[in-house]
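A.B. asks: Curious how this folds, go ahead:
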Amino acid sequence: MNVEIKDSENIYVYKLVADNGGAPCIHKGVLSLSICKPRIRQAADVDDWIIGFGGKSVADLKERLIYIAQVTKVVDHGDYYDSETYRGRPDCIYRKVGNAYEYVPNSLFHDSEDLPHDLGAAPSFDRARNLLSDRFVYFGREGDRSIIESVFDLYDGLPRDFVKNHPDQTRERFEQFIQSIVSKYGFKVCGKPTHAEITTKCHESEDEYQVYSRCNSK
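C.D. replies: Below is the predicted model:
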């Protein structure tokens, strides 16, 4: 399978500290990013790409590729939590009550105290924005170090702050990386979440990302 990556499509790269099925969440063939990573959820748009590597601070995630996804739908204004379409997805852990939201008791991920982090503060709830994809390859616990050898130096050097308009050479290497992975594996689920048995909060220690866009694009 070949993919074309246009100059207008940003590439977001970040490191996960938990891969427990919550962020990203895969359910009925759709990958969603709905909790954690609020800055990515606020910034990314349809057709942008997201690369999620394992965080260097977590032994069983270090030096691994967890997933690559192209955003195919954005659900804005908290509609993800107010629609029958998404009810039942494991990461749909909040519900709309009037003009506010509340945590759904006994949800798999997070708890009530995480609502401001995930959705933003009242009354705007500016983080209540959800990214969905049906064009993704998810490795989970199967994404070993050999998969990222071609970009290991980039992975190893990712800083905590995000950078926009990065040098085109780096952008091009990530484009080639995405294309090589999709060409080899296609869009599919290759493995189960690394931390499927636990519900570690994915924003506890590392929440770093970069966005690689062409200097003359959006």
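A.B. asks: contacts and neighbour counts: CA atoms only from here.
C.D. replies: OK.
A.B. asks: all strands of the protein, in order?
C.D. replies: 11-16, 25-27, 30-33, 49-54, 65-70, 73-75, 94-97, 100-103, 130-133, 135-138, 209-212 (DSSP state E).
A.B. asks: Output these in a markdown table, with mean neighbour count, mean pLDDT and distance to Glu113 appended to each entry.
C.D. replies: Formatted as a markdown table, the strands of the chain follow (neighbours: other CA atoms under 10 Å; pLDDT from 0 to 100; distance: least, CA to CA, whole Å):
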| stretch | mean neighbour count | mean pLDDT | distance to Glu113 |
| --- | --- | --- | --- |
| strand 11-16 | 25 | 91 | 20 |
| strand 25-27 | 19 | 96 | 20 |
| strand 30-33 | 22 | 97 | 19 |
| strand 49-54 | 24 | 93 | 25 |
| strand 65-70 | 25 | 97 | 27 |
| strand 73-75 | 17 | 98 | 23 |
| strand 94-97 | 17 | 93 | 12 |
| strand 100-103 | 16 | 94 | 9 |
| strand 130-133 | 23 | 98 | 19 |
| strand 135-138 | 23 | 98 | 29 |
| strand 209-212 | 24 | 64 | 24 |
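A.B. asks: Need those strands in CSV (columns: distance to Pro123).
C.D. replies: Converted to CSV, these look like this (distance: least, CA to CA, whole Å):
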stretch, distance to Pro123
strand 11-16, 28
strand 25-27, 27
strand 30-33, 22
strand 49-54, 29
strand 65-70, 30
strand 73-75, 18
strand 94-97, 12
strand 100-103, 7
strand 130-133, 18
strand 135-138, 33
strand 209-212, 27
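A.B. asks: so Ile148 touches Ile66, yeah?
C.D. replies: No - look at Ile148 against Ile66 with CA atoms under 8 Å: they stay out of range, at 10.3 Å.
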